[in-house]
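Participant: predicted model follows, preceded by the sequence.
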Amino acid sequence: MRVFVTGASGHLGSAILPELLSAGHQVVGLARSDASAAAIEKLGADVCRGDLSDLDVLREQAAASDGVIHLAFRHDLMLSGDLAGAAEVDLAALKALADGLDGSGKPLVGTSGTAMLVVGGIVGRPGTERDVFPGGGYRIDGENFVAYLASRGVRSSIVRLAPTVHSSLDHHGFITAIIAAARHGGYAAYVGEGANRWPAVHTLDAANLYRLALEKAPGGSRLHAVADQGVPFAEIAAAVGRNLGIPVRSIGTEEATDYFGFLGPFAQLDNPTSAAITRELLGWTPTRPGLIADLDEGHYFQA
């Protein structure tokens with residue numbers, strides 16, 4: 001299968017490309033810079049130059065491919081606080097990719113996040129793949145558009161990623177930001193009792209799920225890339241403190257933004273999430289270390 005991948009040189013892309021290539025697929029990765037192009041070529045894939053604003057390129061590459069995996073996202077806009085702008089760019093890119101796949105029966109695997117379950121109002125229980133939200137909102141519009149494409153003859157699926165996708169390949173994610181805050185503050189922190197839970201998945205397990213989705217997910221599927229259903233944030237802080245050799249302490253809600261920066265609201269998120277339906281539907285079985293075990297391997301704390 002010839003697979004077009006956006007975000008091919010990023011954290012997830014650097015694991016998904018080898019996963020696809022080892023399964024015998026041909027891969028074309030979107031690259032917006034010389035460095036990204038070199039990284040994609042080093043992994044053994046072909047390169048298409050462009051970015052998410054090049055809608056004609058996205059449309060043409062989708063039409064020329066046997067399937068698409070869409071990973072790229074304007075994280076720079078998200079981190080600056082422009083969530084609406086990041087979501088708008090993402091939706092425009094999805095529409096261009098869809099134009100190239102319309103009526104073909106080919107797969108399109110999109111990307112969302114389990115945090116949108118909380119945005120959608122799921123509290124007090126683990127979120128599931130059956131939780132959907134007809135109204136609009138951050139990431140929700142894009143997710144619903146991907147699911148809708150099944151009615152347009154596209155074998156579409158959406159992967160909801162845990163907020164913590166962890167491994168030695170992760171250099172810019174939430175865990176690295178938490179560790180940076182701890183180094184800067186001189187202590188590892190959690191908010192209140194730290195009982196709020198974060199789901200997590202190892203990068204290589206997530207990459208395996210994307211391949212399975214590409215190869216056999218039914219149209220309109222929502223899938224959860226979750227191995228740890230919910231790790232209490234206090235346990236994450238304890239692992240950070242243990243590995244840095246610094247104290248661990250509780251902070252108040254009013255201190256969270258000063259300590260965590262942009263992560264302040266996320267650090268208080270209670271987002272337990274089940275992947276039982278995904279595992280049964282695709283036979284997906286995570287085999288890599290869980291979040292705490294991965295932290296204790298020490299690679300996150302090397303200078």
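Facilitator: Arrived safely. Keep in mind the model is a prediction, meaning the values are calculated, not measured. Numbering: from 1, shown residues only.
Participant: which residues in the stretch 51-200 of the chain form strands?
Facilitator: 67-70, 107-113, 155-161, 164-166, 188-191, 197-202 (DSSP state E, counting those that start in this stretch).
Participant: for stretch 92-100, which outside residues touch it?
Facilitator: Identification of contacts with stretch 92-100 by C-beta atoms under 8 Å, 6 or more residues apart in numbering yields 6, 52, 55-56, 58-65, 68, 70, 72, 108, 110, 142, 145-146, 149, 152, 154. (Glycine included, C-beta is placed from N, CA and C.)
Participant: now the longest helix anywhere in the chain: average pLDDT?
Facilitator: Ranked by residue count and defined by DSSP state H, the top helix of the chain is helix 83-101. Averaged over helix 83-101, pLDDT sits at 89.
Participant: report the distance from that helix to the chain centre.
Facilitator: Taking C-alpha atoms, centre = their mean, to the nearest Å, the mean C-alpha location of helix 83-101 is offset from the chain mean by 16 Å.
Participant: looking at the strands of the stretch 51-200 of the chain, which is nearest to residue 45?
Facilitator: With respect to residue 45, and counting by C-beta to C-beta, the nearest of the strands of the stretch 51-200 of the chain is strand 67-70 at 11.7 Å.
Participant: buried ones in that closest one?
Facilitator: For strand 67-70, the neighbour count (16 or more other C-beta atoms under 10 Å) marks 67-70 as buried.
Participant: other SSEs contacting that strand?
Facilitator: Other helices and strands packing on strand 67-70, by 3 or more C-beta pairs under 8 Å, 6 or more residues apart in numbering; DSSP states H and E, are strand 2-6, helix 83-101, strand 107-113, helix 203-216.
Participant: paired strands for that strand, with orientation please.
Facilitator: Applying DSSP bridges, strand 67-70 is found paired with strand 2-6 (parallel), strand 107-113 (parallel).
Participant: run through who's touching that strand.
Facilitator: Contacts of strand 67-70 (C-beta under 8 Å, 6+ apart): 1-7, 16, 61-62, 93-94, 97, 100-101, 106-111, 210, 214.
Participant: weed out the non-buried ones from these.
Facilitator: The neighbour count (16+ other C-beta under 10 Å) marks 3-7, 16, 61-62, 93-94, 97, 100-101, 106-111, 210, 214 as buried among these.
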